[in-house]
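Q: predicted model follows, preceded by the sequence.
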Amino acid sequence: MRVFPFGVLLAAGLAAAPSLGAQMAIPPKTEQIAAAVLPLPEDMRAGARVLGYDQDGKFGLLREGKGMVCLAEYPKQDRFHVSCYHESLEPFMARGRELRAAGTPGGQVDTVRFAEAKSGKLKLPTGPAALYQLFGGTLDAKAGTVAGAQRLYVVYVPYLTGAQSGLPEKPRGSDPWVMFPGTPKAHIMFSPSM
């Protein structure tokens, strides 16, 4: 399995969520929603909140929901990528989108978010929070399926370390491990083959 750092995947387009303008063909709302929820287990899809693009290319709410938040595919991105995460992560994720849309350089987005989390300005999850992603592969928008995509499973536990959890802090084969240990963005990475 090829490991993609979570920050790299989101920085590729989904997290920035800039307005696209009318120059791009935006998939219909129903297709965006159907694709956005694909990373989730089937029983969680119908109730998820979905964010995506209107026909003018503006990023915003496509469907109300609770529990999970899903991001529609960024139409300018060359390869398929959708992501869903627990609603307790929304303040952290929304702040990242806001900073990127304002032109904050990628390397400084976390610097700002980490400082805001430390000061208490940015709310973090108080317990574990799951994130599911699908990337690559071929989307059949009409059928609402994707073939050949890779899955990524993550559980956020802000400030978690390897010493606290008994998990390594570097990847080792397909074993779970803690990425960004000791930071507000700490999370356990899982292999899809588990």
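A: Received it, and whenever you're ready, just let me know what you need. Numbering: from 1, shown residues only.
Q: is the closest residue to Tyr85 other than its chain neighbours in a helix, a strand, or coil?
A: Distance criterion CB to CB, 6 or more residues apart in numbering; nearest residue to Tyr85, sequence neighbours excluded, is Leu131 at 4.1 Å. The way it works is simple: take the backbone N, C-alpha and C, and place the C-beta from them, glycine included. Assigned with DSSP: H, G, I helix; E, B strand; the rest coil, Leu131 falls in the strand class.
Q: where in the protein is pLDDT low?
A: 1-24, 194 (pLDDT under 70).
Q: mind listing the helices for this protein?
A: 6-11, 29-36, 42-45, 90-101, 106-119, 162-165 (DSSP state H).
Q: out of these, flag the one nearest Arg79.
A: helix 6-11 (10.4 Å; CB to CB).
Q: so what pairs up with the residue most central in space within the chain in the strands?
A: Geometric centre of the chain, nearest residue: Ser83, 4.2 Å, by CA atoms, centre = their mean. Note on Ser83: beta-bridge partners by DSSP bridges are Leu71, Gln133.
Q: my read: it touches Tyr132, true?
A: Yes - the pair formed by Ser83 and Tyr132 meets the contact definition of CB atoms under 8 Å, at 7.1 Å.
Q: so for those two, which residues contact both of them?
A: Pro39 (CB atoms under 8 Å, 6 or more residues apart in numbering).
Q: picking that back up, is it correct that the residue nearest to Tyr85 is in contact with Met179?
A: No - Leu131 sits out of contact with Met179 when judged by CB under 8 Å, with a separation of 11.4 Å.
Q: got a list of contacts for stretch 114-126?
A: So stretch 114-126 is contacted by 86, 88-89, 91-92, 95, 113, 156-158, 183-185 (CB under 8 Å, 6+ apart).
Q: rerun that using 6 Å as the cut-off
A: With CB atoms under 6 Å, 6 or more residues apart in numbering as the test, stretch 114-126 has contacts from Ser88, Leu89, Pro91, Arg95, Arg113, Tyr156, Pro158, Pro184.
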